[in-house]
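> Pasting a predicted model and its sequence here:
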Amino acid sequence: MKIFVYHTPEQTPDDHLPDCAVVIDVLRATTTIATALNSGAEAVRVFSDLDELKEQSQLWQPNQRLRAGERGGEKVEGFDLGNSPLECTPEVVKDKHLFLTTTNGTRALQKVERANTVITAAQVNRQAAVNFLIEKQPETVWLVGSGWQGAYSVEDTACAGAIAQLILQNSDLPAIDIIANDETIGAIALYSQWRDNLLNVFRQCSHGQRLLKLDGDEDLKYCARTDFLNVLPIQKEPGVLVKYG
Ligand code: 3SL
C-alpha cells in the first residue's frame, strides 16, 4: 500500500485516480456523515450544488428524506438540519435518506468520486477506516483533506496523519515502502504533535474559530473524539454513501 496525503482536493492529480480515496472533513462533513450512518440513516446523498439537491430530493417522499447542510457554517434556510453531527440522532435520521450539501466536504467527495473505492473518514471513525484499508490492501490510497475554499485545514491533515500513523503501526513493512509523498510525513508529524490535545487545536484553527462564533463548541468536542464510532461510510455510486458491511 502506498499512501499519499493531499491537503486539499485542488492538490490531487487531475490525470489519474487512486485505488482507494479517503475523503476527510473533520469539521464537520465527514464527522456528520459517519454519525448519520451510525444512527441508522439509509444513505447520505451529497451535493455541492444547492439547486441540484433541492431538485433531486423533491423526487423522494417527504417521510423518506431529510435535507441537511450549511453555507458559511449555518443551516441552509428551509432545510431540516444543518451540518452538525449532534443533530444526527437515531430519532431524527433512522431509515432516512440524508440529502447533504456543505461548502468543502461535498466538493472533495466530488473530486474523487470516480475512484474505484471511495470512503470517508474523520477522527470519530479513524479506526474503522484503518481496518478497512488494512483488510483491502489497496495499492494506492489518497487521503484527501477538504480544506476551506482551496486552502489547507490543519484538522483534516492531522486526521490524515492519524490514519497513516495507525497503518504504519500495524504493518511489518518499513515506512519508506508505505509513505508516498512528503505531505504524508508532515501529516504524521502534525498528528504526533497534537494527538493528546486535538480539541485545543480545533479551538485555535480557522474553521474551529468560525464554528465557535456560531456557538459550536459542543461540535468541536464531538469531532475531536477519536475512534469513537465503529462505522465506515463507503460510496455505493457517485455521491451516495452507505454504511460498509
Ligand atoms: O465545508 C464543509 O464541508 C463543512 O463541513 C463546513 S461546516 O463545518 O459545516 O461549517
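Thanks, I have the structure now. Numbers count the residues shown, from 1 in each chain.
> Going by C-alpha atoms from here, please, whenever you check contacts or count neighbours.
Will do.
> Please see if the longest helix belonging to the chain touches the ligand.
Longest helix of the chain, by residue count under DSSP state H: helix 154-169. No - against the ligand, helix 154-169 shows no contacts by Cα under 6 Å from any ligand atom, the least distance being 10.7 Å.
> Dump that helix to PDB, restricted to CA.
In PDB, the C-alpha atoms belonging to helix 154-169 read as follows (Å, rounded to 0.1, in the frame of the first residue of the first chain):
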ATOM      1  CA  VAL A 154      -5.000  21.700  10.000                       C
ATOM      2  CA  GLU A 155      -7.700  19.400  11.400                       C
ATOM      3  CA  ASP A 156      -8.000  17.400   8.100                       C
ATOM      4  CA  THR A 157      -4.300  16.900   7.700                       C
ATOM      5  CA  ALA A 158      -4.000  15.900  11.400                       C
ATOM      6  CA  CYS A 159      -6.600  13.200  10.700                       C
ATOM      7  CA  ALA A 160      -4.800  12.000   7.600                       C
ATOM      8  CA  GLY A 161      -1.700  11.700   9.800                       C
ATOM      9  CA  ALA A 162      -3.700   9.700  12.400                       C
ATOM     10  CA  ILE A 163      -4.800   7.300   9.700                       C
ATOM     11  CA  ALA A 164      -1.300   6.900   8.200                       C
ATOM     12  CA  GLN A 165       0.300   6.500  11.600                       C
ATOM     13  CA  LEU A 166      -2.000   3.700  12.600                       C
ATOM     14  CA  ILE A 167      -1.500   1.900   9.300                       C
ATOM     15  CA  LEU A 168       2.300   2.100   9.800                       C
ATOM     16  CA  GLN A 169       1.900   0.800  13.300                       C
END
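> Now do that helix: everything it contacts.
Here helix 154-169 makes contact (Cα atoms under 8 Å, 6 or more residues apart in numbering) with 3, 5, 7, 24-27, 122-123, 126-127, 129-130, 134, 143-147, 174-175, 178, 184-192, 194, 201-202, 205.
> now, which of those lie close to the ligand?
residue 27.
> Among the contacts of helix 154-169, the buried ones, what's the PyMOL command?
Per 16 or more other Cα atoms under 10 Å, the buried members of the contacts of helix 154-169 correspond to this PyMOL selection:
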select buried, resi 3+5+7+24+25+26+27+122+123+126+127+129+130+143+144+145+146+147+175+178+184+185+186+187+188+189+190+191+201+202
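> ok so, going back, name the next helix or strand downstream of the longest helix of the chain, please.
helix 175-178 (DSSP states H and E).
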